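[1] Fold the following, please.
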Amino acid sequence: MISKLLKRNFPMKFALKLIAAHALFFCDTAVWAHVALDEPVALAGANYKAVLRVSHGCQGSPTIGITVRIPPGFQGAKPQPKPGWVLTIDGGEITWTASSRENALPDAFFDEFVLRGGLPKDAQPLWFKVLQTCETGRNDWSQIPTQGVATKGLKFPAVLLEIIPSGPAGQGGHQH
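    Take a look at the predicted model:
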């Protein structure tokens, strides 16, 4: 995403802010969270491809379901089908369910669940709440900090997408 912005001649000051924000939020969120976004920072008003990485099961048990609660402001959510998983869309939730035990995600591996949508025009944090269902147990990644966006200290933090201003008028980008 950052290289695309630089190719579009975004002002260097803006590009540096974007890089710094990306590094800050990537370190704060992705390193500690067990469900994380591949790109945790995006431009306001852009189209966004949310790649949610699930890095483990539930205390050793394989993952058999992932339900994403779409945050307010994320428009036109469209999930990517996943071979071996049944896809269900129900109002503000998207669920992938393993079609058989053989298709479950073992605890020792990671996988990605993908959806696309439009972002609000205002810079703000969006929180994706993710319910991870396992053969035994579940992890409800839905905790949101009472202030700010730091998730340190939360046992099951929701997944943060930090939306930043798109820059000078007429230079809003689109992420593909």
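
[2] from here on, contacts and neighbour counts on C-alpha atoms
    Will do.

[3] Specify the strand with the largest residue count in this protein.
    Ranked by number of residues, the top strand in the chain under DSSP state E is strand 125-134.

[4] Mind listing the strands that strand pairs with, and their directions?
    According to DSSP bridges, strand 125-134 has the following sheet partners: strand 63-69 (antiparallel), strand 138-141 (antiparallel), strand 159-164 (antiparallel).

[5] Spatially central residue in this structure, please.
    Centre of the chain computed as the mean C-alpha position; nearest residue by CA atoms, centre = their mean is Leu37, 3.7 Å away.

[6] Spit out the contact partners of that residue.
    Counting by CA atoms under 8 Å, 6 or more residues apart in numbering, Leu37 makes contact with Ala30, Ala50, Val51, Leu52, Arg53, Val159, Leu160, Leu161.

[7] could you redo those as CSV and give each row neighbour count, distance to Gly60 and pLDDT?
    Supplementary listing: those in CSV, determined by neighbours: other CA atoms under 10 Å; distance: CA to CA, whole Å; pLDDT from 0 to 100:
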residue, neighbour count, distance to Gly60, pLDDT
Ala30, 18, 20, 39
Ala50, 22, 26, 98
Val51, 18, 23, 98
Leu52, 23, 20, 98
Arg53, 18, 17, 97
Val159, 26, 21, 97
Leu160, 26, 25, 97
Leu161, 23, 28, 98
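
[8] Pick out whichever of those residues sits closest to Ala44.
    Within the set of the contacts of Leu37, Leu161 lies nearest Ala44; the separation is 10.9 Å, counting by CA to CA.

[9] sorry, back to before: want to throw the strands paired with strand 125-134 into CSV with distance to Asp90?
    Written out in CSV, the entries for these read as follows (distance: least, CA to CA, whole Å):
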stretch, distance to Asp90
strand 63-69, 10
strand 138-141, 18
strand 159-164, 20
